[in-house]
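Novice: This is a predicted model, with the sequence first.
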Amino acid sequence: MSTLLRREIDKVHAMLLKLCAMAEKHVVMATRAIEEMDKEIALMVINSDNEIDLQEIEIEEESLKILALHQPVAIDLRMIVATVKMNNDLERIGDYACYICKRAIELADMGAMPSQFKLSPMSSAVVSQLKKSVDCLVDLDAELAHEVIRGDRSVDAIQRQIAAWAEEEATHDPSKLAQMVRIVGVIRSLERIADHAVNIAEDVIYMVSGEIVRHPLVRSSETYAAGGQ
């Protein structure tokens, strides 16, 4: 690899890590906004979403420039391809954080949340998944990436529990329907954030080893058995 290519790849990687930090911060703030019904925090996330969008565009442009000018091969090509894919996942994570904050504002205007509603188990699990996916990218840790993939089932299970509760609440008391619809929107967005964290972990594995594990049929038997269905 030429010194110039190495420098350009390192630059894009640093930009991607910056985007990771931005997306992670927005998700943490979004979960806090919804749990505390804090409209001020929610507005901060919504108003700064364009910063994530601009960073995503810049990373894509730099990555395409590397592909056009240097025509990288082998691991260098894998790194750029994975960067472009992770870049898109991180931008979508930012969008979901923004969506959650919009629902937080609406829910805050509706008044007190039902005492039975406990979002923290799911939000904590999602934030943990995202943090691990960022860590495995920082350290290029394929083992941790597999851990993120296996952990996706727990998020899905919590999401289904909350969705079932919300459906029951709306059925028993139709006046709560609008509130329950927004709660379901929030948990679906959190579940999608966790899915994008898994995507990032899968791309780290591809970046490190060249192994494609995005679909269950091509995952290792260990990963598939633990959480890839």
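Specialist: That came through, no problem.
Novice: Assess the claim that Ser2 and Pro72 are in contact.
Specialist: No - Ser2 lies out of contact with Pro72 (CB atoms under 8 Å); the separation is 9.8 Å. For the C-beta atoms, the positions are set from N, CA and C on the backbone; glycine is no exception.
Novice: Would you mind listing the buried residues in the longest helix anywhere in the chain?
Specialist: The single longest helix within the chain, with elements called by DSSP state H, is helix 74-109. For helix 74-109, the neighbour count (16 or more other CB atoms under 10 Å) marks 76, 78-87, 89-108 as buried.
Novice: so what does that helix touch, helix or strand wise?
Specialist: Where contact means 3 or more CB pairs under 8 Å, 6 or more residues apart in numbering; DSSP states H and E, helix 74-109 is packed against helix 3-36, helix 39-47, helix 49-70, helix 177-209.
Novice: Give the buried residues for the longest one.
Specialist: Going by neighbour count (16+ other CB under 10 Å), the buried part of helix 3-36 is 5, 8-9, 12-13, 15-16, 19-20, 22-24, 26-35.
Novice: same deal with the third one?
Specialist: By 16+ other CB under 10 Å, the buried positions in helix 49-70 come out as 49, 52, 55-56, 59-60, 62-63, 66, 70.
Novice: can you give me the mean pLDDT across it?
Specialist: The average pLDDT within helix 49-70 is 96.
Novice: got the angle for that helix vs helix 39-47?
Specialist: 30 degrees (axes from the mean of the first three to the mean of the last three CA atoms, to 10 degrees).
Novice: just the longest one next, same as before
Specialist: Inter-element angle recorded for helix 3-36 and helix 39-47: 150 degrees (by the same axes, to 10 degrees).
Novice: and His13, what is it in contact with?
Specialist: 79, 83 (CB atoms under 8 Å, 6 or more residues apart in numbering).
Novice: same thing but at 10 Å, please
Specialist: 59, 79-80, 83, 137-138, 140, 207 (CB atoms under 10 Å, 6 or more residues apart in numbering).
Novice: Distance to Met122 for those residues - can I get that in a markdown table?
Specialist: Below are the contacts of His13 laid out as a markdown table (distance: CB to CB, whole Å):
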| residue | distance to Met122 |
| --- | --- |
| Ile59 | 29 |
| Met79 | 33 |
| Ile80 | 34 |
| Thr83 | 29 |
| Leu137 | 23 |
| Val138 | 25 |
| Leu140 | 29 |
| Met207 | 29 |
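Novice: Can you tell me which of those is closest to Ala201?
Specialist: Nearest to Ala201 out of the contacts of His13 is Leu137 (CB to CB; 8.3 Å).
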